[in-house]
Every structure is written in C-alpha cells, then in structure tokens.
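1. Here's my sequence, what's the structure:
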Amino acid sequence: MALLSVLRGKRKEISKEDYYTASQMQLIWSRFKAKRSAMIAASILGFIVVCGIFSSFLSPYAPDASGRNADYVNGAPQIPQFCDANGCSLTPFIHKVERFRSVKTNFRWVTRETEERNYVTFFPKGWDYNFLGIKFERHLFGVEEGYVHLFGTDGGGKDIFSRTLHAIGVSLAVGTLGVLISFVLALIIGSTAGFFGGFVDTVLQALMDTVKTVPTIPLFMALAAFIPQEWSAEMRFFFISMLLGTLGWGTLARRIRTHVLAERTAEYVTAARLCGASSAHVIRKHLLPSFTSYIIVDLVISFPYMVLSETALSFIGLGLKDPVNSLGVMLQNVTKVDVLLNYQWYFIPVPIFIAIVLAFVFVGDGLRDAADPYSERK
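-> Model (predicted):
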C-alpha cells in the first residue's frame, strides 16, 4: 500500500511538472482531446479531407464526360451485395442492367436489372490521373464488366459517387486558398494598424469597415456578369478563391489589430525595440507569436464560411460551373421538381456538405475553448 501511494504521488508530480513545462500548443492539444464532441468531429473531418485528397484513387470513374454511362441515365444507387435469389458469394457483386422498351413502357427506353451477376474487383486499372505529378491508373474498386454506381447517376449518366468525392476536394481547395489569402491580408493590415496606431490605424480601420460593409450579393452578381464565358475552369476557380479571400479578412484583421494595440507597450516589445529591432521584426517575432493559438482558431472557424460562400455562389450560378465539380455545382441539380419526386439520390451530397460544415464548427468551438487559458477555471 505504501509503495502504491508513493507511485501515485510520483505520477501526480510528473503530471504537474509536464503541465507547467508544456508548450502552449501542447496545452491546447491536451484540452482539445478532453472534448469528445470535438474529437469526433475532427475524426469525421479528417476522413472527409482524406477522401477529397485521394478522390481520384477512390473514384472508380472520371467525374466528367469520360465517366458517363449512357446505358444507365438517372440510375438508382447500386449497392454491392453478397446474397441474392441464386445463393451467396464471398465476393460482393451487383446485378447487370439492360435497356429495353415495349408497349408497357409506351416504347420508352427503360433500364432494369437482370439476374446475371457483375462481381466487384479491387485495385483495377481505369482512367489515368495525376497525383503529385505522378501518373496513376489504379483505383480502389470497380466491376468486371461495365460500371458500378454507388450513389447512382445523374441526367448525363455521370457517376454521382465520383463527382461527390471530387466536389469535396474542389470545395475544400477553394476554402483553403480563400482562407490563406484572407489570413495573409489580415496579418499584414491588422498588425500594421495596431502597431503604428494614429493616422495609419485610422485609415486601415476605415478600410476594414469598408470591406465588411460591401453588399456581397449585388457585388457577386456584377462580377458574374463581368466574368468572360470563355474563361477556363481553372481561371474561374482562382478568381472565386481570390474574391472570397479578399472579402473575408476584415474580422480577423480587427482582432489582430486589437491584440497588437494592447501588447505594443509591453516590456518585451520595448526591450526588443531598444535592442535595435525593426518594426517588422517586432511584429513578426514577438507580437504575432504571442497569440498564435487564437489565429489558428480563427482560421479553423473561418473555413466553413468559405466553403458555404463557394457553395452558395455555385448554387445560384455565380461561382464554379461544369465541368468543375464542387458541392455548390452538384447542389444545383436538387432544385428541380422532377429530381425531388423521382431521383432522390441526387440529395446524397447534401448530408455530406452538412457534415463538413458541422465538423468544422465543432472543431472550431473545441479549439476556441482549448485555447482559452482560463477554461479550466470556469
């Protein structure tokens, strides 16, 4: 018993020592791990991000016209199974389909399943794609003959599963680029305004207020009319990213300006300036690192707003368009009455989009609480 009490005491001492010697990031990670909802959201978000990064490998077919299945237009999702009326199999399979027309269908072409099995294969060769500059042709799964559509197909016969995975990657890429642009602008303008103050602060604050009060919808409509129709998908992608980043830096810049304004008279800042450090060096090496955790939290929280903005722009036809696959482009199809009544699988990207936004929100809330040094006292 005495030995156990001694060991427990040592463990407490070690944990206290680790706590007081841990870095700021280690303390934030320790508090973040204690929040179950944030950890679950982070796991879901990580899984979705991985799917977006490796979308070409996970997709059995290309998301554009090269993956079109003319014999399965507006087809329902095909779920691989192990058993049917003819028995069971260790390898998953789907049933082949055929097109026919008769008097019963008013001589319209209709697709129906047959009893013939089409077995699922793993790591088959398919359409070529580039990843990190290297050309690949292997994919996670496919079928022996024809196509397999886990999420069904759209009106053009394109695989919704492949389009959804690529849409996740594109939407996250637009959000990442927009966040990076707004982050750089917020750091430069906010730290400059807070450090120098006076006339510089007044002018930059007026610029922040101007950007925040810009009416976004009329601006987007005007820019949509300005964008040439002959622009490529890549040019439209970078234009939308730059637009979202240019309009999204005001809130973070004001927070940075407030912190720098409060810390610029601190003793460590005065000591650095007396040693001959330039203003840029003081801001970069002393002021900004003093609240790195809050900057990270703001970046994570701003991610869902960037994704929402891209999705909203593409949804109303002002953002990305085909052949680019984004969540907003895919959500354009769900507004049709015919889709709502007959092709409900078009809505599959909707819960995925909701999961992305909610995951970012829960992770951001968890990081915000973990970055609060007084959270353990509340």
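2. The helix or strand where residue 127 lies: how far from the chain's middle?
-> Take DSSP states H and E as the rule and residue 127 turns out to sit in strand 125-131. Using C-alpha atoms, centre = their mean, to the nearest Å, the mean C-alpha position of strand 125-131 is found 23 Å from that of the whole chain.
3. Okay, now the sheet partners of it, with direction.
-> In its sheet, strand 125-131 lies beside strand 134-138 (antiparallel), with partners assigned from DSSP bridges.
4. How far away from the center of its chain is the following helix or strand past the partner strand?
-> Using DSSP H and E, the next helix or strand after strand 134-138 towards the C-terminus is strand 141-143. Strand 141-143 sits 27 Å away from the centroid of its parent chain (C-alpha atoms, centre = their mean).
5. what ranges of the stretch 1-150 of the chain fall below the confidence cut-off?
-> Residues of the stretch 1-150 of the chain meeting the criterion pLDDT under 70: 1-24, 65-67, 100-110.
6. what about the helices in it?
-> Secondary structure of the stretch 1-150 of the chain (DSSP state H, counting those that start in this stretch): helices located at 2-21, 24-33, 36-53, 55-58.
7. how far out from the middle of the chain is the shortest one?
-> Yep, that's helix 55-58 we're talking about. For helix 55-58, the distance from its own C-alpha centre to the chain's C-alpha centre is 16 Å (C-alpha atoms, centre = their mean).
8. would you put the C-alpha positions of that helix in PDB?
-> What follows is the C-alpha trace of helix 55-58 in PDB, where atoms were taken according to Å, rounded to 0.1, in the frame of the first residue of the first chain:
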ATOM      1  CA  SER A  55     -10.700  11.300 -54.700                       C
ATOM      2  CA  SER A  56      -9.100  10.200 -58.000                       C
ATOM      3  CA  PHE A  57      -8.000   6.900 -56.400                       C
ATOM      4  CA  LEU A  58     -11.200   6.300 -54.600                       C
END
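9. Does anything pack onto it? Which helices or strands?
-> Helices and strands touching helix 55-58, by 3 or more C-beta pairs under 8 Å, 6 or more residues apart in numbering; DSSP states H and E, are strand 125-131, strand 134-138, helix 160-196. All C-beta atoms are positioned from the backbone trio N, CA, C, and that covers glycine.
10. For the last one, buried residues please.
-> Using 16 or more other C-beta atoms under 10 Å as the burial criterion, the residues of helix 160-196 that qualify are 160-179, 181-183, 185-187, 189-196.
11. Quickly list the domain ranges of the protein.
-> As assigned by automatic domain parsing, the chain contains the domains 78-148, 163-377.
12. Ranking those domains by mean neighbour count, which comes first?
-> Per-residue neighbour counts averaged over each of those give the maximum for domain 163-377, namely a mean of 17 (mean count of other C-beta atoms under 10 Å).
13. averaged over its residues, what pLDDT does it have?
-> Mean pLDDT, taken over the full extent of domain 163-377, equals 79.
14. hang on, the earlier thing: could you dump the helices and strands packed on helix 55-58 into a markdown table with distance to residue 150 added?
-> A markdown table is the format used below for those (distance: least, C-beta to C-beta, whole Å):
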| stretch | distance to residue 150 |
| --- | --- |
| strand 125-131 | 15 |
| strand 134-138 | 18 |
| helix 160-196 | 4 |
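15. Quick one, which of the ones you listed gets closest to residue 353.
-> The closest approach between residue 353 and any of those, judged by C-beta to C-beta, belongs to helix 160-196 at 8.0 Å.
16. From the structure, what's the count of residues near residue 40?
-> By the measure other C-beta atoms under 10 Å, the count of residues near residue 40 is 14.
17. which residues does the closest residue to residue 119 other than its chain neighbours form a beta bridge with?
-> The spatially closest residue to residue 119, leaving aside those adjacent along the chain, is residue 93, at 4.6 Å (C-beta to C-beta, 6 or more residues apart in numbering). With DSSP bridges as the criterion, residue 93 is bridged to residue 81, residue 119.
18. Residue 93 contacts residue 81, doesn't it?
-> Yes. Contact between residue 93 and residue 81 holds when scored by C-beta atoms under 8 Å: they sit 6.7 Å apart.
19. who touches both of these two?
-> Listed contacts common to residue 93 and residue 81 are nil; contacts here mean C-beta atoms under 8 Å, 6 or more residues apart in numbering.
20. residue ranges of the helices in the stretch 151-300 of the chain, please?
-> 160-196, 198-212, 216-226, 233-247, 250-263, 267-274, 279-282, 292-315.
21. who wins for proximity to residue 361 among these?
-> Closest to residue 361 of these is helix 292-315 (C-beta to C-beta; 5.9 Å).
22. That closest one - contacts with which helices or strands?
-> Helices and strands touching helix 292-315, as assessed by 3+ C-beta pairs under 8 Å, 6+ apart, comprise helix 24-33, helix 160-196, helix 233-247, helix 250-263, helix 327-331, helix 349-371.
23. Leaving aside the residues adjacent along the chain, what's closest to residue 128?
-> Of all residues not flanking residue 128 in the chain, residue 137 sits nearest, at 5.1 Å (C-beta to C-beta, 6+ apart).
24. need the contact list for that neighbour.
-> With contacts taken as C-beta under 8 Å, 6+ apart, residue 137 has the following neighbours: 125, 126, 127, 128, 129.
25. got it, and residue 239?
-> Contacts of residue 239 (C-beta under 8 Å, 6+ apart): 227, 231.
26. What distance do you get for it to residue 362?
-> Taken as C-beta to C-beta, to the nearest Å, the spacing of residue 239 relative to residue 362 amounts to 31 Å.
27. now residue 48
-> For residue 48, the distance to residue 362 (C-beta to C-beta) stands at 13 Å.
28. same thing with residue 34?
-> If you go by C-beta to C-beta, the gap between residue 34 and residue 362 works out to 14 Å.
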